[in-house]
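J.: Quick one, structure for this:
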Amino acid sequence: VYEDGPDEVVLTVDAPVQLLGVGLAGSDAGYTATLQVLQVAEDFSEEVASLGGAAQSFTKADGPVVRLMLADPVLLLPGRYYMLSVLVKGSESYCCEDCMESVVAGGVTLSFQCWESPNGTSESRGQFPELYIRAINSSS
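T.: Predicted coordinates:
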């Protein structure tokens with residue numbers, strides 16, 4: 001239920017990647033989602049920079065996971081903290097449970113930090129079942 005504000009996750013990477021978009025939990029009816037990709041301070045309390053965003057409407061026909069792609073990839077670098085913040089308006093959505101605290105993809109480790117957003121998404125449950133990234137080969 002979307003009453004208390006955005007759903008958010010905070011993550012770090014151990015090698016440079018491009019964030020291409022996110023997969024969000026779908027809905028039995030439909031909703032509109034507005035995504036912001038933010039670099040945040042080490043304690044996550046303040047925004048350092050707004051790096052990108054996207055907005056789109058979805059319906060039940062879009063499935064259990066909907067893809068919200070960024071117009072331009074966002075570069076994520078090691079040693080920094082990033083917050084994915086999505087504000088959803090519309091019907092209730094599905095929710096992911098027992099999420100992984102870290103994921104290795106393309107030789108890059110993404111680690112989700114301990115954080116509970118205003119709407120209840122945290123590093124272990126919530127709105128973000130998928131992230132779409134592209135590893136950047138640094139040996140060119």
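J.: make it CA atoms for all contacts and neighbour counts henceforth
T.: Will do.
J.: helix or strand for the residue nearest in space to the middle of the chain, which one?
T.: If you average the C-alpha coordinates of the chain and look for the closest C-alpha using CA atoms, centre = their mean, you land on residue 84, 4.1 Å from that point. Under the assignment given by DSSP states H and E, the secondary-structure element containing residue 84 is strand 81-90.
J.: could I get whatever helix or strand comes next after that strand in PDB with only the CA atoms?
T.: Under the assignment DSSP H and E, the closest C-terminal helix or strand after strand 81-90 is strand 102-105. The C-alpha coordinates for strand 102-105 follow below in PDB (Å, rounded to 0.1, in the frame of the first residue of the first chain):
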ATOM      1  CA  SER A 102      24.300  -8.900  -1.900                       C
ATOM      2  CA  VAL A 103      24.300 -10.100  -5.500                       C
ATOM      3  CA  VAL A 104      27.200 -10.900  -7.800                       C
ATOM      4  CA  ALA A 105      26.600 -10.200 -11.500                       C
END
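J.: Contacts only, for residue 11.
T.: Applying CA atoms under 8 Å, 6 or more residues apart in numbering to residue 11 gives the contacts 81-83, 110-113.
J.: excluding its backbone neighbours, what's nearest residue 27?
T.: On the basis of CA to CA, 6 or more residues apart in numbering, the spatially nearest residue to residue 27 that is not a chain neighbour turns out to be residue 93, at 4.2 Å.
J.: Which pLDDT value belongs to the one you found?
T.: Per-residue confidence at residue 93 stands at 84 (pLDDT).
J.: With residue 105 instead?
T.: What the model reports as pLDDT for residue 105 is 86.
J.: Check residue 140 too.
T.: 46.
J.: Could you pull up the contacting residues of the spatially closest residue to residue 17 that is not a sequence neighbour?
T.: Computed as CA to CA, 6+ apart, the closest residue to residue 17 that is not its neighbour in sequence is residue 135, at 4.5 Å. Going by CA under 8 Å, 6+ apart, residue 135 touches 15-18, 106-108.
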